[in-house]
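Peer 1: Sharing a sequence plus its predicted fold:
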Amino acid sequence: MVAKFLLFFLLYCTTALAQGPAAAPAPAGPTNVTKILEKAGQFTVFIRLLKATQEDVTLNGQLNNTNNGITMFAPSDSAFQSLKTGTLNSINDQEKAELVQFHVIPTYLSSSQFQTVSNPVTTQAGSGDRFQLNVTTTGNAVNISTGLTNTSVSGTVYTDGQLAIYQVDKVLLPIDIFTPKPPPPAPAPEIPEKKKAKSAESPIVPKDISGAVTFIVSNNVVFFGVAQSPAASPAQGPVAASPPPPVITQPPAASPAQPASVTAPTNVTKILEKDGHFTVFIRLLKSTQEENHLLTVLNNSNNGLTIFAPSDGSFSSLKSGTLNSLTDEEKSELVKFHVIPTFLSTSQFQTVSNPVGTEAGSGGRVALNITTYPNSVNITTGLTNTSISGTVYTDNQLAIYRVDKVLLPMDILLPSLQLQHQDQHQRKSPRRRPL
């Protein structure tokens, strides 16, 4: 028995020594962006740009030497094919590098973290008006807008907690590179000094001894008189002259004593009533007494107001019972969510910072984001995605723009919509018979 045990022991030791120690798992190599994209197989043009601009070296260095991580929007080959012919060839090497950098956010973002980003999002190319990139979420969709491109994330290529690569099917075009820059202003020509009128040369008006005809304008009436010589009797009052009056090229200024006309206070509901397409919104303004608040703001402050007025058709497109499911306070907040407490012309939308503050507040609770495209102003709230369809009224203090969807803030409407969905589901579900 002992001999058998020894024989078994010797055989085991011989086998173990011949095999050697178990192999350790191979260490993971450094993260390489281009290899990941090559493996995915539909990013040939973007890989070529990464290598030509040497941005692949920069990205791999960041990934393997920092803890911030990277988020990349990788345009597919079809995205580049949809560009106009010669688009890439029309930009220089520096602009190609900036184009690649514009697709990279210098921090790791999972798909759920897009809901909390602050717009405009900073990219490797920079941020703000020069390279403006805005990210908004609607349900499970992640929307991206640049001012020239409007697209969505179409899939996840790779993610490991430090690097996230998302596929987009349009190339993200920054305005700074792909819109023609205005030529530098020409130097202003030297304007020769105009000879001052004699009447402005001295505060002392010289005596008129010529006996010429003069005229005085007062309250749109022209009076004529004849100047007398120093030896004449004291000046008499103005006497109407028989010759026809000279031609006056400019209308006479109003007399200082004339009181200025008093303008009536601006009334939002009257403006909307006159347009005739905002019956429901007017009813909300009155029932919540927000019309009184707006009237006070307009006539007691200099900031002005901007209102997005939903048309009657926009309320008709809501699910039945949406407004009735809200409390009075929530209806008031819904109205306030359509009001920005400052005047914004259509051109000023290009410079707003997202999320835009409304009378209801700002940020994640009641987030409203505005992006602009040529001839278009888009508005997103997380539940609503729409555009301005027309200008109702503007006077440099009040601007009212028409929208054809009600702007639904997530904080107010999301719980209500979920409850409606549950109620509908319960009504559709068959009831069990009692046993």
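Peer 2: Nice, I can see it.
Peer 1: Going by C-alpha atoms from here, please, whenever you check contacts or count neighbours.
Peer 2: Fine.
Peer 1: In the stretch 201-350 of the chain, what residue spans correspond to strands?
Peer 2: Secondary structure of the stretch 201-350 of the chain by DSSP state E, counting those that start in this stretch: the strands cover 213-218, 221-226, 305-310, 339-340.
Peer 1: Same check on the stretch 1-150 of the chain?
Peer 2: Counting by DSSP E, counting those that start in this stretch, the stretch 1-150 of the chain has strands at residues 70-75, 104-105, 134-138, 141-145, 150-159.
Peer 1: Could you export those strands as JSON lines, including mean pLDDT and distance to D56?
Peer 2: JSON lines is the format used below for these (pLDDT from 0 to 100; distance: least, C-alpha to C-alpha, whole Å):
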{"stretch": "strand 70-75", "mean pLDDT": "96", "distance to D56": "12"}
{"stretch": "strand 104-105", "mean pLDDT": "94", "distance to D56": "11"}
{"stretch": "strand 134-138", "mean pLDDT": "91", "distance to D56": "24"}
{"stretch": "strand 141-145", "mean pLDDT": "93", "distance to D56": "23"}
{"stretch": "strand 150-159", "mean pLDDT": "95", "distance to D56": "16"}
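Peer 1: Return the most buried member of those.
Peer 2: When the strands of the stretch 1-150 of the chain are scored by mean count of other C-alpha atoms under 10 Å, the highest mean neighbour count falls to strand 70-75 (a mean of 24).
Peer 1: pLDDT weak spots in the stretch 101-250 of the chain?
Peer 2: Applying pLDDT under 70 to the stretch 101-250 of the chain picks out residues 128-130, 180-250.
Peer 1: just checking, Q397 touches S301?
Peer 2: No. Using C-alpha atoms under 8 Å, Q397 is not in contact with S301, being 9.6 Å away.
Peer 1: So for the two, which sits in the more crowded spot?
Peer 2: Q397 (18 against 11; other C-alpha atoms under 10 Å).
Peer 1: Please report the distance of that one from F80.
Peer 2: Separation of Q397 from F80 (C-alpha to C-alpha, to the nearest Å) stands at 44 Å.
Peer 1: doesn't D169 make contact with P75?
Peer 2: Yes. Counting by C-alpha under 8 Å, P75 touches D169, with 5.6 Å between them.
Peer 1: number of nearby residues for T31?
Peer 2: There are 16 residues near T31, going by other C-alpha under 10 Å.
Peer 1: Could you give the backbone dihedrals for it?
Peer 2: phi -60, psi 130 (degrees, to the nearest 10).
Peer 1: What number of residues are in the vicinity of the spatially closest residue to S311 that is not a sequence neighbour?
Peer 2: Closest residue to S311 apart from its sequence neighbours, by C-alpha to C-alpha, 6 or more residues apart in numbering: F278 at 5.0 Å. Residues lying near F278 (other C-alpha under 10 Å) number 21.
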